[in-house]
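Peer 1: Output the structure for:
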Amino acid sequence: MQLHQLAYFVAVAETRHFTRAANLLGIAQPSLSQQIRALERDLGSPLLHRRPGRIELTDAGQTLLPVARRMLSDADTARREILELAALGRGRVRLGSTPSLCTGLLPAMLAGFHRRHPGIELVLHEGGSRNLRAELTAGALDIALVVDARLSEDAQLSAVPLLAEDLVLISPIGRPRPVRRGEIAVAELRDRPLVMFREGYDLRETTVAACREAGFEPTFAIEGGEMDAVLEFVQAGLGVAVVPSTVVRDRFRVTPFAAPGLSRTILLARQRFLDPPRAAQALAGHLVEFLGQAAASAGLPPGTRLLAGGAG
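Peer 2: Next up is the predicted model:
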């Protein structure tokens, strides 16, 4: 039983005439008759009483007619929905991102994508790069923005570098500067109470690694927070924190690190051997376009530099 045979049967049932049905369908009448007989053989029962001058449905034909109409309608709905997906009128993207990027980069980028493709559902998973890598590998995400220099070692994932982002030291406005000059060395964080992110947070790992490379273990005033909590704790005067320059805005006193400085690379990651859905590919393309336009208009946040992957 094939869909075109059901369409032929419905046309005959509605017109009660083979010739009129054939004209309506744009096929030859003998071909129509042949397909109806093939459908009857397949179902094992006659569907039509063929009498001179008129066609009537058998009991089997009357039973099949509403079912055939429903099947044809469902097939048409599926066809239209798939066409909408292909045209990006509908779809769903599961995007992973680190919390700092959700605070800094993503809001304007996602707003532009939503205006362009309002029918595409956006599902955001916020987490550390290690967790996002695991979710990508397991198929729980389509694409992810991560901070992880070791991603090239992952055989299951591939990634494109997008941005280099400077890390800076923030302290409350109105408090004394951490240092008198305009920049600070990592070694000068020794014995300074830091507001520190929770375990597994990329910025925590980066800061602790930099301190250890400078020969000391950092001191924590408080630890365990997410990005919003860390910013509030610094503003309240609990300590200083190392954060991306993109999240600072004008709320804090900002002190850059002395050369070579501290920075991190933002990468767009996906499964290596499986293409993301079309909607996710469109979002990735929009992200690269967004970054390229921002760079061309000098609109990138302070302390960020576009890398080759972000330039398209």
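
Peer 1: low pLDDT regions in the stretch 151-300 of the chain?
Peer 2: 151-153 (pLDDT under 70).

Peer 1: make it 80
Peer 2: 151-155, 175-181, 249, 298-300 (pLDDT under 80).

Peer 1: Which parts of it are strands?
Peer 2: 157-172, 193-197, 219-225, 241-244, 252-256, 262-271 (DSSP state E, counting those that start in this stretch).

Peer 1: Among those strands, show me which one is buried the most.
Peer 2: strand 241-244 (a mean of 26; mean count of other CB atoms under 10 Å). Every residue, glycine included, has its C-beta placed from N, CA and C.

Peer 1: Sheet-wise, list the partners of that strand with their directions.
Peer 2: According to DSSP bridges, strand 241-244 forms sheet pairs with strand 157-172 (antiparallel).

Peer 1: Now the partner strand - C-alpha only, PDB.
Peer 2: Extracted in PDB, the C-alpha atoms of strand 157-172 (Å, rounded to 0.1, in the frame of the first residue of the first chain):
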ATOM      1  CA  LEU A 157      34.900  16.400  19.600                       C
ATOM      2  CA  SER A 158      36.200  19.100  17.300                       C
ATOM      3  CA  ALA A 159      36.400  22.800  18.000                       C
ATOM      4  CA  VAL A 160      37.000  26.100  16.300                       C
ATOM      5  CA  PRO A 161      38.700  28.900  18.200                       C
ATOM      6  CA  LEU A 162      36.600  32.100  18.200                       C
ATOM      7  CA  LEU A 163      37.900  34.600  20.600                       C
ATOM      8  CA  ALA A 164      40.900  35.300  22.900                       C
ATOM      9  CA  GLU A 165      39.600  37.000  26.100                       C
ATOM     10  CA  ASP A 166      41.700  38.900  28.600                       C
ATOM     11  CA  LEU A 167      41.300  38.200  32.300                       C
ATOM     12  CA  VAL A 168      41.500  41.100  34.700                       C
ATOM     13  CA  LEU A 169      41.500  41.700  38.400                       C
ATOM     14  CA  ILE A 170      38.400  43.400  39.700                       C
ATOM     15  CA  SER A 171      37.900  45.300  43.100                       C
ATOM     16  CA  PRO A 172      35.200  47.500  44.400                       C
END
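
Peer 1: what is the orientation angle of that strand with strand 193-197?
Peer 2: 150 degrees (axes from the mean of the first three to the mean of the last three CA atoms, to 10 degrees).

Peer 1: Packing partners of the longest helix along the chain?
Peer 2: Using DSSP state H, we find that the single longest helix of the chain is helix 59-86. Packing partners of helix 59-86 (3 or more CB pairs under 8 Å, 6 or more residues apart in numbering; DSSP states H and E): helix 3-15, helix 278-296.

Peer 1: I'd like these as TSV, with mean neighbour count and distance to Leu203 appended.
Peer 2: Listed next are the helices and strands packed on helix 59-86 as TSV, based on neighbours: other CB atoms under 10 Å; distance: least, CB to CB, whole Å:
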stretch	mean neighbour count	distance to Leu203
helix 3-15	19	56
helix 278-296	18	21
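
Peer 1: Many thanks, I have nothing further to ask.
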